[in-house]
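Novice: need the 3D shape of this:
(chains A and B)
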Amino acid sequence: MSLAAAILAGDRRALAQALTLVESRPDEADAIVAEIYPHTGDGIVVGVTGAPGVGKSTLVDRLAGAFLERGRKVGILAVDPSSPFTGGALLGDRVRMAGRGSEVFMRSLATRGHLGGLARATPRAIQLLQAFGKDLILLETVGAGQSEVDVMGFADTTIVVVVPGLGDEVQAFKAGILEIGDIFVVNKADRPGADQTLRELRQMLHLGPLRPWQPPVLAAQAQSDVGTEAVVDAILRHHEVRLGDPERRSRRLQEAERLVREALADQLVQEVVARAQGLGNWTELLAAVADRRIDPAGAARALAHPVPSD
Amino acid sequence: MTATVDSESTRRVRVLIGKPGLDGHDRGAKVVARALRDAGMEVIYSGLHQTPEEIVEAALQEDVDVVGLSILSGAHLTLVPAVLERLREQHMEDVQVLVGGIIPDEDAEELRRMGVRGVFGPGTETEEIVRFTRSCARRA
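Specialist: Reported below is the predicted structural model:
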C-alpha cells in the first residue's frame, strides 16, 4: 500500500512518516500530496498566534479538549523556531498538552529558517492531517511579534492571544496583528488590567470599517479552562459566517492562484538553478554578485534568460 | 537562496526526550535536550510524569529516530521494558532507546539486554551523548 493510501486508511505511522517527508524531502512528498489532495480542504483550520508566553499552547490544548467533546477529530500543528546557527530546535509545546493519547494527533514543526512564524511545510502538513480525517486543525505559530502574519494565509479562523499589562498595549496592537485576528482572546484574565485591555481592544477594533464579521474580544484563563467554550462558540460562528460569504468562491480562487504561483516559483527556481549548475556558471555568477561586479537581479536575469550559445 | 532551501529541507535527526514515572526533577533532561539542539537536532521535550503509552504515542506522532528516557526514580526496570514493549506493539523497533539517570551498573547491563542502545549515568559528558545519539539516528 502506498503511503498516501495508508494515510487515507487512517494509519497514524504513515501520517507521521509523510509529515517527515513534507518537511525534509519535498520532492518525494509531491506524489503523496498529489494523491491525497482531493481529500483535503474540509473542516476548520484554526490559527493561534500571539507573543511568547501569552498561553498559546495551553489555549490550544483546552480547545482541543473542548472540540473532542463536541465530536470533532482534532489535529495540532505546533511551530517553534529553529536556531539560525545550528539548525537545531527545541520543540516544547507537548509539555502543555494534557495527555490526550492517540485521540489527538499532534506534530511539532521547526521553522527551519522560514520566516513569517510558520514552517515551510505548514500547508502540506495541514493537507496530510485533513486527508487522514482530522476536521479541526489547531495551528500554533511561534511567538509572534508584529510581522508573523503568515498564519492568516493558512487558517480559516485566526485567534490572536494577548495578556493584560504587556507594556504599552496600543503599541502592541497597532501593526498587522490587529488586522489578522478573527477572534481576540485576552488570556490570564484574572490578572490586573484585564478589563482595561479588553476595553482598549474592543475600542480599537470598532474604529475600523464595519465588516460582516466583527471580531469578538473574549476573556479567558486557559490554565484553569475558563472561557474555552466561548472561544469554541466564536470559532463555530465565524465558520458559519464564512460558509455564507458570497465572496467565498472568489476567495478560494485567489487562494488557488497564490498556491499555484508559489509552487511555480519553487519549480522554476529549481530548474533554472539546476541548469546553471549543469552549465557550470552558477558559482561564477554567485562570485560576481559577492564581488559587486553584477547585481543580484541582473544575475537572476542572466540565469532566467540565458543567451543562446549558437 | 539555495542555502535557505537546503537548510529548510534537509532531513534532521529528531529526538524525543521523555520523563516517564513519578520523579519531578528534569534538569538533566533539559541539559541533554539543549545539547542535542545545539548539535543541530530537533528535540521534542514532552515534560514530566509521562506514562510509557504517552511517550510511545509522542514518538510515533513526531516520527523520531531516538527516544531518550530520563529516569531518576529507580523504577527503570519497570518503566523501560514498558516503553520497549509498546514500541514493539507499534512496530517501531527501528526507533532507538537511550536511558539517562541514576542506573546501577548491573541494571544498565540488564537494560542493554532488553534492547536499550545506550545508558548514561550522572557525569556523562554531553558531547558523548550527542555523538552517541547521532550514531543511532536512522537517517542522518
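
Novice: my guess is residue A:125 contacts residue A:21. True?
Specialist: No - using C-beta atoms under 8 Å, residue A:125 makes no contact with residue A:21, being 10.5 Å away. Quick note: C-beta positions are derived from backbone N, CA and C, even for glycine.

Novice: who's more crowded, the two?
Specialist: residue A:125 (25 against 22; other C-beta atoms under 10 Å in any protein chain shown).

Novice: quickly check: the host helix or strand of that one near chain B or not.
Specialist: Assessed by DSSP states H and E, residue A:125 sits inside helix A:122-132. No - shown here: helix A:122-132 not in contact with chain B (C-beta under 8 Å from any C-beta of the partner chain), separated by at least 10.9 Å.

Novice: for that helix, what does the pLDDT average out to?
Specialist: What helix A:122-132 shows for mean pLDDT is 95.

Novice: got the buried residues for that helix?
Specialist: A:122-132 (16 or more other C-beta atoms under 10 Å in any protein chain shown).

Novice: now stretch A:69-76
Specialist: Of all the residues in stretch A:69-76, those buried under the rule 16+ other C-beta under 10 Å are A:72-76.

Novice: save those as CSV, and put in pLDDT, secondary structure and distance to residue A:239 too.
Specialist: Output for those, formatted as CSV (pLDDT from 0 to 100; DSSP: H, G, I helix; E, B strand; the rest coil; distance: C-beta to C-beta, whole Å):
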residue, pLDDT, secondary structure, distance to residue A:239
A:72, 97, coil, 11
A:73, 97, coil, 15
A:74, 97, strand, 15
A:75, 97, strand, 16
A:76, 97, strand, 18
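
Novice: would residue B:116 count as being in a helix?
Specialist: No - read with DSSP: H, G, I helix; E, B strand; the rest coil, residue B:116 is coil and lies in no helix.

Novice: my guess is it contacts residue B:99. True?
Specialist: Yes - with contact defined as C-beta under 8 Å, residue B:116 counts as touching residue B:99 (5.4 Å).

Novice: tell me the helices in the chain, going along the chain?
Specialist: Just going to use chain A. A:3-8, A:12-24, A:26-36, A:56-69, A:122-132, A:151-154, A:169-173, A:177-180, A:194-207, A:228-243, A:248-279, A:282-290, A:296-304 (DSSP state H).

Novice: my question was about chain B, not that one.
Specialist: Secondary structure of chain B (DSSP H): helices located at B:2-8, B:27-38, B:52-62, B:76-89, B:105-114, B:126-136.

Novice: mean neighbour count, those: which tops it?
Specialist: Highest mean neighbour count among the helices of chain B (mean count of other C-beta atoms under 10 Å in any protein chain shown): helix B:52-62, with a mean of 23.

Novice: angle of that helix against helix B:76-89?
Specialist: 40 degrees (axes from the mean of the first three to the mean of the last three C-alpha atoms, to 10 degrees).

Novice: distance from the chain centre to helix B:52-62, please.
Specialist: 11 Å (C-alpha atoms, centre = their mean, to the nearest Å).

Novice: which residues sit against that helix?
Specialist: Here helix B:52-62 makes contact (C-beta atoms under 8 Å, 6 or more residues apart in numbering or on different chains) with A:12-13, A:16, A:91, A:94, A:99, A:101-102, A:105-108, B:14, B:16, B:18, B:20, B:44, B:46, B:50, B:67, B:69, B:79, B:82-83, B:85-87, B:90, B:92, B:95.

Novice: distance of the residue nearest to residue A:64 when sequence neighbours are not counted from chain B?
Specialist: Leaving aside its chain neighbours, residue A:64 sits nearest to residue A:74 (4.9 Å; criterion: C-beta to C-beta, 6 or more residues apart in numbering or on different chains). Going from residue A:74 to chain B by C-beta to the nearest C-beta, to the nearest Å gives 13 Å.

Novice: my read: residue A:74 touches residue A:68, true?
Specialist: Yes - contact criterion C-beta under 8 Å: residue A:74 and residue A:68 qualify, at 5.7 Å.

Novice: lowest-pLDDT helix or strand in chain B?
Specialist: helix B:2-8 (a mean of 41; mean pLDDT, DSSP states H and E).

Novice: surely residue B:68 is in contact with residue B:95?
Specialist: No - using C-beta under 8 Å, residue B:68 makes no contact with residue B:95, being 11.0 Å away.

Novice: from residue A:121, how far off is the closest residue to chain B within the stretch 201-310 of chain A?
Specialist: Per C-beta to the nearest C-beta, residue A:273 is where the stretch 201-310 of chain A lies closest to chain B, at 6.3 Å. Using C-beta to C-beta, to the nearest Å, we find residue A:273 at a distance of 20 Å from residue A:121.

Novice: who has more neighbours out of these two?
Specialist: It is residue A:121, of residue A:273 and residue A:121, that has more neighbours when counted by other C-beta under 10 Å, with 27 against 15.

Novice: related to what we said a few turns ago, so what sits against both of residue A:74 and residue A:68?
Specialist: Residues within reach of residue A:74 and of residue A:68 at once, by C-beta under 8 Å, 6+ apart, are A:103-104.

Novice: and stretch A:259-267, average pLDDT?
Specialist: Stretch A:259-267 comes out at a mean pLDDT of 89.

Novice: let me redo that: stretch B:48-57
Specialist: Mean predicted lDDT for stretch B:48-57 stands at 92.

Novice: swap in stretch A:153-170?
Specialist: 80.

Novice: can you pull the buried residues of that stretch?
Specialist: Within stretch A:153-170, the residues that count as buried by 16+ other C-beta under 10 Å are A:153-164, A:166, A:169.

Novice: would you turn these into JSON lines with distance to residue B:132?
Specialist: Shown next, in JSON lines, are these (distance: C-beta to C-beta, whole Å):
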{"residue": "A:153", "distance to residue B:132": "41"}
{"residue": "A:154", "distance to residue B:132": "38"}
{"residue": "A:155", "distance to residue B:132": "40"}
{"residue": "A:156", "distance to residue B:132": "44"}
{"residue": "A:157", "distance to residue B:132": "45"}
{"residue": "A:158", "distance to residue B:132": "43"}
{"residue": "A:159", "distance to residue B:132": "42"}
{"residue": "A:160", "distance to residue B:132": "43"}
{"residue": "A:161", "distance to residue B:132": "40"}
{"residue": "A:162", "distance to residue B:132": "43"}
{"residue": "A:163", "distance to residue B:132": "41"}
{"residue": "A:164", "distance to residue B:132": "46"}
{"residue": "A:166", "distance to residue B:132": "43"}
{"residue": "A:169", "distance to residue B:132": "49"}
